[in-house]
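In: The following block contains a protein sequence and its predicted model.
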Amino acid sequence: MSIVYDDRALLEVRVRQFQHPRAHARVPAPRTVHQVGNVRVLGANDGHLRVASTLVLVEYRQERQRIWGALVEHRLRRTAVGLRVAAKRIDLVSSEAELEGIVCLF
């Protein structure tokens, strides 16, 4: 299985690298469509909500289309301006398979 655990600082670095104009993962830039469904609240406590959903992501890049399916769990924090994502977990349906070069950020 592949596990990526990025804290805020690592996620910011990953996004900056992805947005760099010469990043090889962006040439050509992937086109994606995200479909989120089956959203449900799993629980609430201490100002946090646990929310689960399903995700289908279609990526088209270099004349190749790939489809990713996943179960997603968010931990949302209540703030004065609304809900904010405190944590996000993505379990790919194909997590036991060899995953070649994931370019998109889920």
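Out: Thanks, I have the structure now. All values derive from a computational prediction rather than experimental measurement. Numbering: from 1, shown residues only.
In: Please pull out the lowest mean pLDDT helix or strand from the chain.
Out: Every helix and strand in the chain was compared by mean pLDDT, DSSP states H and E; the lowest is helix 8-19, with a mean of 79.
In: buried set for the helix or strand following that helix?
Out: Stepping forward along the backbone from helix 8-19, the first helix or strand reached (DSSP states H and E) is strand 31-45. Buried residues in strand 31-45, counted by 16 or more other C-beta atoms under 10 Å: residue 32. Quick note: C-beta positions are derived from backbone N, CA and C, even for glycine.
In: Output strand 31-45 as CSV, nothing but the C-alphas.
Out: Taking only C-alpha atoms (Å, rounded to 0.1, in the frame of the first residue of the first chain), the coordinates of strand 31-45 have been written out as CSV:
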residue,chain,number,x,y,z
ARG,A,31,-7.4,17.5,-17.2
THR,A,32,-9.6,16.1,-14.4
VAL,A,33,-13.2,15.6,-13.4
HIS,A,34,-14.1,14.8,-9.8
GLN,A,35,-17.4,13.2,-8.9
VAL,A,36,-18.2,13.1,-5.1
GLY,A,37,-21.1,11.1,-3.8
ASN,A,38,-22.6,9.3,-0.9
VAL,A,39,-21.7,12.1,1.5
ARG,A,40,-22.6,11.3,5.1
VAL,A,41,-21.8,12.5,8.6
LEU,A,42,-20.1,9.8,10.7
GLY,A,43,-20.0,11.7,13.9
ALA,A,44,-19.4,15.0,15.7
ASN,A,45,-17.4,16.0,18.8
